[in-house]
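**Student:** Show me how the following folds:
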Amino acid sequence: MPRRPILLGIAAVLVIVAAASSYARWSRPAWTAEERQILEELWIGSLPELPPDPSNAVADDPRAVALGHRLFFDTRFSRNGQVACATCHQPARAFSDGRPRGQGVGTTDRRTQTLIGAAYSPWQFWDGRKDSQWAQALGPLESPVEHGGTRTQYARLIAEHYRAEYEAIFAPLPADAELQRLPEAAGPVADPAARAAWEAMRPEDRDLVTRIYVNMGKAIAAYLRQIRPGASRFDAYVEALRRGDEAGMAAALSADEVAGLRLFIGKAGCTECHSGPLFTNHEFHNVGVPAAAGLPADRGRALGAAQVLADEFNCTSPYSDARPEDCAELRFLKHDAPELEGAFKTPTLRNVAERAPYMHAGQFATLRDVLDHYNRVLAAAVGHSELQPLHLSETELAQLEAFLRALSAPPQVPADLLAPPAD
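**Tutor:** Alright, predicted model coming up:
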């Protein structure tokens with residue numbers, strides 16, 4: 001059989017394949033300069049160095065990190081000896097818990113937020129009622145449905161189990177005998193007996209105990225600053241795009257994920273709130289989320305703004321290490337605007353696929369439920385929704401969900417801090 005026709009046939013096939021490949025590259029829409037800039041802003045490589053926390057003098061002290069790590073996993077700091085920070089903020093669940101609402105010694109009214117990258121935010125909790133991570137860490141410790149303990153209980157535990165570590169960072173603790181003369185369970189909490197015992201204490205004793213309590217929060221916050229986001233497949237895609245590496249781009253994201261990314265930064269308008277390398281603007285928005293069954297109407301930021309201004313532990317408080325000029329976020333806080341009604345903090349979308357259910361009280365079970373809500377928009381449970389319906393097709397919704405799933409990555413936490421410490 002003549003070889004020439006076979007060779008010509010093979011050559012023709014190769015030409016067709018090459019032409020098809022060239023056409024595929026040519027027909028794929030290129031990213032415009034404006035789009036590339038948005039992608040760069042979302043890229044984890046654009047995440048700046050963690051800003052200092054002037055309200056916490058030990059925020060970056062390795063000794064405080066080590067102490068905070070131990071406190072984070074210690075269940076003794078609770079009313080029943082079974083609840084730790086890690087009970088709700090589980091490392092294996094992207095530092096959340098997979099529940100519609102947090103579960104400690106009781107059940108909270110809101111879903112547990114992730115701690116990944118939370119140190120970058122000026123506001124903590126869904127309503128922003130705390131303005132530092134150390135102040136945030138203190139709230140659950142006294143909450144009757146979270147840890148449920150009291151300040152004198154915690155001061156005794158610190159002296160009994162962490163005296164050396166505490167005194168190396170902060171100040172000498174009172175002698176055990178001096179702490180033993182204080183009530184076992186006293187603090188400004190909901191329990192009437194514990195509150196009465198607290199109010200009966202001398203002011204100087206209350207201040208002493210509160211400073212121990214505050215320093216616990218500052219140590220925990222030093223640990224929380226170590227929990228940072230890792231690079232996802234989306235970030236690998238942007239890195240390949242920066243290099244002009246088409247093979248690397250194709251390996252990082254599928255065609256549907258790229259289509260979802262285009263929707264995310266374009267037609268769907270997601271970057272109006274989910275902007276920057278943490279995919280959040282750290283602000284508060286009313287997105288028309290329905291009320292959670294069995295719960296009262298939640299005013300969100302409207303109440304949280306008032307609470308942070310009055311907070312015993314805010315940036316301008318006597319327990320803060322900041323100077324007044326360091327507290328600009330608090331000093332210029334918008335607190336009486338109608339748009340704060342029913343507004344909640346924009347969550348990071350990094351690792352969002354691992355953090356079901358969704359919204360502030362777990363109203364939506366799946367990512368697709370969230371997207372369906374944005375696509376049709378219901379009336380807001382409280383206040384006025386900012387949303388306009390997206391009107392995306394079924395294919396577009398699936399592509400957008402596919403992209404969101406490409407934002408997952410293990411958090412960047414030093415290996416010796418990711419698990420409970422060995423005693």
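
**Student:** Report the distance from stretch 39-47 to the chain centre.
**Tutor:** 18 Å (Cα atoms, centre = their mean, to the nearest Å).

**Student:** which residues are contacting that stretch?
**Tutor:** The list of residues contacting stretch 39-47 from outside it, by Cβ atoms under 8 Å, 6 or more residues apart in numbering, reads 31, 117, 120, 228-232, 234-235, 238-239, 241-242, 261, 265, 271, 275-279. Heads up, the C-betas are built off the backbone N, CA and C, glycines and all.

**Student:** Kindly check the end-to-end length of that stretch for me.
**Tutor:** By Cα to Cα, to the nearest Å, the extent of stretch 39-47 from end to end equals 12 Å.

**Student:** Now it: buried residues?
**Tutor:** Applying a neighbour-count criterion of 16 or more other Cβ atoms under 10 Å, the buried positions in stretch 39-47 are 39, 42-44, 47.

**Student:** Same question for stretch 156-169.
**Tutor:** Of the residues in stretch 156-169, those scored as buried under the neighbour-count criterion (16+ other Cβ under 10 Å) are 156-159, 161-162, 165-166, 169.

**Student:** sorry, back to before: can you list which of the buried residues of stretch 39-47 are found in helices?
**Tutor:** 39, 42 (DSSP state H).

**Student:** okay, the buried residues of stretch 39-47 in JSON lines with distance to residue 111 next?
**Tutor:** Formatted as JSON lines, the entries for those read as follows, by distance: Cβ to Cβ, whole Å:
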{"residue": "39", "distance to residue 111": "29"}
{"residue": "42", "distance to residue 111": "24"}
{"residue": "43", "distance to residue 111": "28"}
{"residue": "44", "distance to residue 111": "25"}
{"residue": "47", "distance to residue 111": "25"}
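
**Student:** nearest to residue 283, of the buried residues of stretch 39-47?
**Tutor:** residue 42 (16.5 Å; Cβ to Cβ).

**Student:** what about the strands in the stretch 151-300 of the chain?
**Tutor:** Under the criterion DSSP state E, counting those that start in this stretch, strands of the stretch 151-300 of the chain are mapped to 284-285.

**Student:** still on that earlier bit, weed out the non-buried ones from the contacts of stretch 39-47.
**Tutor:** The neighbour-count test (16+ other Cβ under 10 Å) marks 31, 117, 120, 228-229, 231-232, 234-235, 238-239, 241, 261, 265, 271, 275-279 as buried among these.

**Student:** just for the stretch 1-150 of the chain, where's the confidence low?
**Tutor:** Per-residue confidence for the stretch 1-150 of the chain (pLDDT under 70) gives these ranges: 1-28.

**Student:** those helices in it, which residues are they?
**Tutor:** With DSSP state H, counting those that start in this stretch applied, the stretch 1-150 of the chain shows helices at 3-27, 33-42, 62-72, 85-88, 133-142, listed in chain order.

**Student:** So what would you say the end-to-end distance of stretch 140-157 is?
**Tutor:** From the first residue to the last, stretch 140-157 extends over 17 Å; the measure is Cα to Cα.

**Student:** can you list contacts of stretch 356-365?
**Tutor:** 98-101, 109-111, 126, 289-290, 292, 295, 298, 300, 344, 366-367, 369-370, 373.

**Student:** same check, this time on stretch 372-387
**Tutor:** By Cβ under 8 Å, 6+ apart, the residues outside stretch 372-387 that reach it are 268, 285-291, 297-300, 302, 338-343, 364, 388-392, 397.

**Student:** which parts of it are buried?
**Tutor:** 373-375, 377, 380-383, 385, 387.

**Student:** One more: stretch 391-398?
**Tutor:** Neighbour-count burial for stretch 391-398, with 16+ other Cβ under 10 Å as criterion, is recorded at 392, 396-397.
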